[in-house]
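J.: No sequence on hand, only this structure:
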């Protein structure tokens, strides 16, 4: 089983080939101003089921790994005069976004 810290659900990977595993591993890196605070709400879809992971008060740097075919997320920067960068990678697909200042909100999707 592969699980990320704080993940509400874990999915077995034993039946998948290494290439299939690569296409269902979604890795998120939160960087920017060290110590910047953020909130995040992730919706992960895998094999037709959607689970949610909520981080009410995360700090930079942070990393998450989820197993799924699709990911939707909303990330809000809570710190003043700080920068938040979000990098999401799934297989060869990569999404990078950033925001600056309290209240900056990113809406992210990768499939």
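T.: Nice, I can see it. Note that the structure is predicted; figures quoted are calculated from it, not measured. Numbering: from 1, shown residues only.

J.: Show the subsequent helix or strand relative to the helix or strand of the chain with the lowest mean pLDDT.
T.: When the helices and strands of the chain are scored by mean pLDDT, DSSP states H and E, helix 18-24 comes last with a mean of 60. Next helix or strand after helix 18-24 toward the C-terminus (DSSP states H and E): strand 25-32.

J.: gap between that following strand and the chain center?
T.: Computed by C-alpha atoms, centre = their mean, to the nearest Å, the chain-centroid distance of strand 25-32 equals 6 Å.

J.: Low-confidence ranges, this structure, go.
T.: Residue ranges of the chain with pLDDT under 70: 1-22.

J.: For beta bridges, what are the partners of the residue most central in space within it?
T.: Centroid-nearest residue in the chain, with C-alpha atoms, centre = their mean: residue 28, separated by 4.1 Å. Counting by DSSP bridges, residue 28 forms beta bridges with residue 64, residue 88.

J.: surely it meets residue 94?
T.: No. Using C-beta atoms under 8 Å, residue 28 is not in contact with residue 94; the gap is 11.1 Å. From N, CA and C alone the C-beta is placed, and that goes for glycine too.
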